[in-house]
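Trainee: I would like to see how this sequence folds:
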Amino acid sequence: MTLSGSRVAFLATDGFEDSELTSPWDAVTAEGASATMIAPDGAAITGKNGHEQAVDLHASATTADQFDALVLPGGVVNADHLRMDKASVDLARAFFEQHKPVGVICHGAWILIEAGVVDGRTLTSYPSLTTDLRNAGATWVDEEVVVDEGLVSSRTPDDLPAFNAKLVEEIGEGKHAGQTA
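Mentor: Presented below is the predicted three-dimensional model:
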């Protein structure tokens, strides 16, 4: 499947899980998509294992209209800081409002809980988010990858091959009517 012409936004900040940003980034760009790094602020962000990623845009100066899909890497510090940033949460919600594919892995689901978009949805995450997701109205399952109407979720870096394959597939399919906020 080719993603030629697709524009994929990655939303993260310092403390992201390195492979959960770099592996999906490589997967979508290998299929022809352009990838854009969005963060709350700064010129670069650093992963918990030291990967440095240049920031292309700030969340407060970005709209979902500019992109075809969103990827939310995990990492406890990253996800905790993003869910406290109103512009980042609003941006994530806007992808759901526009029915666009969203990929989320590990602790990234915290941002979706804060955005109010998981009620009635089925997804997976790092196991410590199980209660948080259920309390927000989601059905949590322990599977390597879950696809629910354009929402692709996985648990840990071990799940990246399955996550990347489904992410590319969902982006290739385009908008999903059931992907709503």
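
Trainee: Who are the contact partners of S4?
Mentor: Contacts of S4 were listed using Cβ atoms under 8 Å, 6 or more residues apart in numbering, and they are E31, G32, A33. (C-beta placed from N, C-alpha, C; glycine too.)

Trainee: Apply 7 Å and report the result again.
Mentor: Residues in contact with S4 (Cβ atoms under 7 Å, 6 or more residues apart in numbering) are G32.

Trainee: Got the phi and psi for it?
Mentor: S4 adopts backbone torsions of phi -50, psi 130, taken as degrees, to the nearest 10.

Trainee: do the same with the one 5 residues further on
Mentor: A9 adopts backbone torsions of phi -90, psi 140, taken as degrees, to the nearest 10.

Trainee: Am I right that it is in contact with A39?
Mentor: No. Using Cβ atoms under 7 Å, A9 is not in contact with A39; the gap is 10.9 Å.

Trainee: Can you show me the helices along the chain?
Mentor: 18-30, 76-82, 86-97, 109-115, 130-135, 160-173 (DSSP state H).

Trainee: now the ones you listed in a markdown table, with distance to F67, mean neighbour count and mean pLDDT?
Mentor: As requested, the helices of the chain are exported to a markdown table (distance: least, Cβ to Cβ, whole Å; neighbours: other Cβ atoms under 10 Å; pLDDT from 0 to 100):
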| stretch | distance to F67 | mean neighbour count | mean pLDDT |
| --- | --- | --- | --- |
| helix 18-30 | 11 | 20 | 98 |
| helix 76-82 | 17 | 22 | 98 |
| helix 86-97 | 8 | 20 | 98 |
| helix 109-115 | 16 | 26 | 98 |
| helix 130-135 | 25 | 15 | 98 |
| helix 160-173 | 10 | 20 | 97 |
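
Trainee: Next, format those helices as CSV and append distance to L123.
Mentor: Formatted as CSV, the helices of the chain follow (distance: least, Cβ to Cβ, whole Å):
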stretch, distance to L123
helix 18-30, 15
helix 76-82, 14
helix 86-97, 13
helix 109-115, 7
helix 130-135, 7
helix 160-173, 12
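
Trainee: quick one: which of these is nearest L70?
Mentor: Of all the helices of the chain, helix 86-97 sits nearest to L70, with 4.4 Å by Cβ to Cβ.

Trainee: Quick check, L112 in contact with V104.
Mentor: Yes. Using Cβ under 7 Å, L112 is in contact with V104, at 6.1 Å.
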